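Novice: My questions concern the predicted model and sequence given below.
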Amino acid sequence: MKHEDCIFCKIVDGVIPSAKVYEDDKVYAFLDISQVTKGHTLVIPKEHTKNIYETDPETAKELFSRIPVIANAIRDAYQPLGMNILNNNEAAAEQSVFHLHVHLIPRYGEGDGYKPNWITHTEDYTSDDLQDVAKIIHEQIQQ
Ligand code: AMP
Ligand code: ZN
C-alpha cells in the first residue's frame, strides 16, 4: 500500500524525480540526494513499509537479495576501496524518511566524507553479561 505523504513512495511512482540506479517489480534503487560519497545509493522496497520493525521477512528477503548486485555495480563503476551498508530505524537512530531504505555508501579512503560515530563499551560487559543479554533477546524471538 502506498502512503500519501511518503516521498519515497512518490519516487517509486515517478511523481518526484530521482536518479534511478536499479528497478524491478519489488525493489527500487536511486542516488541519495545528499551524496555522502560518490555513488551513495538508497535501496528500497516498492511496497511501503515504515522501517525494519514493520517489515515482513519476504519483503526483507527481496530487498536484501538485490543488495549484492547493486553493491557490485557501484564497485565496478567507481572502484571504491570499501562500502558501508547502513539502515536507520526510528528518529532516535537518525531515520528521517519513514519508508524503509538501505544506504550503500562506497568508501574511498580517509576523509571521504563518511564518519561513523561508534564508541565501544567492551570493558563494561563480562562474558556472563553477554550471555545474559543474548538470552533476554533470544527469549523474545518468535518463530
Ligand atoms: P535516513 O536519515 O536514513 O532516513 O535517510 C534518508 C535519506 O534520504 C537522506 O540521506 C536524504 O538525503 C535522502 N533523501 C531525502 N529526500 C530525497 C530525495 N527526494 N531523493 C533522494 N534522496 C533523498
Ligand atoms: Zn513509502
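Specialist: Structure received. Ligands and ions are numbered 1, 2, ... in the order given.
Novice: What's opposite the residue nearest the centre of the chain in the beta bridge?
Specialist: The residue lying closest to the centre of the chain (CA atoms, centre = their mean) is residue 102, at 1.6 Å. Note on residue 102: beta-bridge partners by DSSP bridges are residue 43.
Novice: How about the residues of the protein by ligand 2?
Specialist: Contacts of the chain with ligand 2, taken as CB under 5 Å from the ion, map to 3, 6, 8, 9, 48, 99. To be clear about C-beta, it is placed using only N, CA and C from the backbone, and glycine gets the same treatment.
Novice: now, the most widely separated pair of those?
Specialist: 3 and 8 (8.8 Å; CB to CB).
Novice: hang on, the earlier thing: just to be sure, which of the residues of the chain next to ligand 2 are found in helices?
Specialist: The helices, defined by DSSP state H, take in 8, 9 from those.
Novice: is it possible to export the residues of the chain next to ligand 2 to a markdown table including pLDDT?
Specialist: Listed next are the residues of the chain next to ligand 2 as a markdown table, based on pLDDT from 0 to 100:
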| residue | pLDDT |
| --- | --- |
| 3 | 79 |
| 6 | 98 |
| 8 | 98 |
| 9 | 98 |
| 48 | 97 |
| 99 | 98 |
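Novice: okay if I get the residues of the chain next to ligand 2 as CSV plus neighbour count?
Specialist: What follows is those, written out as CSV (neighbours: other CB atoms under 10 Å):
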residue, neighbour count
3, 14
6, 16
8, 23
9, 19
48, 18
99, 23
